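Peer 1: I'd like to go over a predicted model; first the sequence, then the structure.
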Amino acid sequence: MLNNDSKQFKNVMKIILYISIVVILFVGGLLTGKSLKLLSKISSIENNLNKDDLGINEDLINNSEELSNGKIITIAAFGLDRRTSDETPRSDAIMLITIDSSRKKVKLISIMRDLYVNIDGVGKDKLNHAYFYGGPSLSIKTLNNTFNLNIEDYISLDFFNLPKIIDELGGIELDVKSEEINNLNKYIKENQRLLGVSGDHTIKSSGVQTLSGIQSLSYARIRSVGDGDFERTDRQRKVIIAMIDKAKTMSPIKLTSLVEKYIDSIETSLSLNKLLSIGANLLLGGYEIEQTRAPFEGEFNDSGKIINGVWYLTFDQEKTTESLHKYIFDDILP
């Protein structure tokens, strides 16, 4: 029988997995030599990011007790649009994950990928192109410079690895709207061709149902139904939360097996110590998960702007920065 310390460590590892799924990262399982080796492998690229190159607002940290003592941590999460390992990716999804241990909240904030922003050394371009030009380091720097933030860590996962992981979870439960079905089935067929997935995965009816990996990926990519890319980011967050809910029903042994299988598809700058620290905080329990997207209502141009033949989402940078700071640091949602 496991002693209390062993049980506590197992719980920490499971909680790390739950929060890591939130940020599209899979770690966790039993506290064995194998699981620690997996965690160490995840953090092996920790030194790849030079903190001095990330545009971190040090004044923001120095003037906030909660930031300086690690009570509020924000991590950048990138879903990469990359079909092959040697392809230079763009960040198809960009999310800020704030872990607020003072208020016991995890905040998922989707950042619109088409925002017209300044990318250091490149000039004005779409936010998601920063990953193409300079990987996670330039992407984090662009987020910090644009919104005056203090992000220093990231995690990323190719979107096209998600179907296998979701299938390993046994599928996830999502509510498909009737108006989404045609567009969803179009993406399903397209993604099946790209990934070599056989069989009939088309959706036949609307309503709450368990979707397979290829169906879930396709659901997250819908952008021609509803409010365009705004509603698309909402679907992406729904997929992540559904994955968390499903992971909570799995045993540590199965979670460890899942991690071992797909560990190579993950990139992160989070160290083992940071992961364990996050897990220790979450172990206290009672954390609420909230979700939203930025820019907030009234802070962007609905029709965007075409510049040199390319469409961009233009926005009020000062207003959005103020709103993000109020939400992340003061827990005031616009």
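Peer 2: Yep, it's here.
Peer 1: mind listing the strands for this protein?
Peer 2: Per DSSP state E, the chain carries strands over the ranges 72-81, 90-100, 105-111, 116-119, 123-126, 154-158, 172-176, 207-211, 266-268, 288-294, 305-307, 310-312.
Peer 1: Packing partners of the first one?
Peer 2: If I follow you right, that is strand 72-81. Contacts defined by 3 or more Cβ pairs under 8 Å, 6 or more residues apart in numbering; DSSP states H and E place strand 72-81 against strand 90-100, helix 129-147, strand 154-158, helix 317-330. In this view, the C-beta of every residue, glycine as well, is placed from N, C-alpha and C.
Peer 1: Walk me through the domains of this protein.
Peer 2: Residue ranges for each domain of the chain read 4-161+250-330, 170-240, as given by automatic domain parsing.
Peer 1: Can you lay out these as TSV showing mean neighbour count and mean pLDDT?
Peer 2: TSV is the format used below for these (neighbours: other Cβ atoms under 10 Å; pLDDT from 0 to 100):
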stretch	mean neighbour count	mean pLDDT
domain 4-161+250-330	18	76
domain 170-240	17	88
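Peer 1: for the helices and strands packed on strand 72-81, which one sits closest to residue 188?
Peer 2: strand 90-100 (17.0 Å; Cβ to Cβ).
Peer 1: Quick one: list the elements packing against that closest one.
Peer 2: strand 72-81, strand 105-111, helix 129-147, helix 228-247, helix 272-283, helix 317-330.
Peer 1: between the ones you listed, which one is nearest to residue 194?
Peer 2: Residue 194 sits nearest to strand 72-81 of all those, at 11.0 Å, using Cβ to Cβ.
Peer 1: quick one on the thing from earlier: redo the strands of the chain as CSV? Include distance to residue 165.
Peer 2: Compiled in CSV, these are given as follows (distance: least, Cβ to Cβ, whole Å):
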stretch, distance to residue 165
strand 72-81, 12
strand 90-100, 15
strand 105-111, 18
strand 116-119, 30
strand 123-126, 27
strand 154-158, 8
strand 172-176, 10
strand 207-211, 13
strand 266-268, 10
strand 288-294, 19
strand 305-307, 37
strand 310-312, 32
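Peer 1: that older thread, the helices and strands packed on strand 90-100: which one's closest to residue 289?
Peer 2: The stretch from the helices and strands packed on strand 90-100 with the least distance to residue 289 (Cβ to Cβ) is strand 105-111; that distance is 4.9 Å.
Peer 1: quick one: that closest one to chain centroid distance?
Peer 2: Centroid separation for strand 105-111 versus its chain: 9 Å, with Cα atoms, centre = their mean, to the nearest Å.
Peer 1: Then stretch 317-334?
Peer 2: Remark: stretch 317-334 is offset 19 Å from the chain centroid, using Cα atoms, centre = their mean.
Peer 1: Give me the contacts around it.
Peer 2: 64, 66-67, 72, 74, 96, 98, 100, 103, 105, 107, 109, 117, 146-149, 290, 292, 294-300 (Cβ atoms under 8 Å, 6 or more residues apart in numbering).
Peer 1: So residue 213 is in contact with residue 188, correct?
Peer 2: No. Residue 213 is beyond contact range of residue 188, at 10.8 Å (criterion: Cβ atoms under 8 Å).
Peer 1: Distance of residue 213 relative to residue 331?
Peer 2: Distance, residue 213 to residue 331, by Cβ to Cβ, to the nearest Å: 35 Å.
Peer 1: Residue 57 too?
Peer 2: Separation of residue 57 from residue 331 (Cβ to Cβ): 19 Å.
Peer 1: and what of residue 185?
Peer 2: Residue 185 is 40 Å from residue 331, by Cβ to Cβ.
Peer 1: Please apply the same query to residue 223.
Peer 2: 30 Å.
Peer 1: Likewise for residue 149?
Peer 2: Applying Cβ to Cβ, the value for residue 149 to residue 331 is 16 Å.
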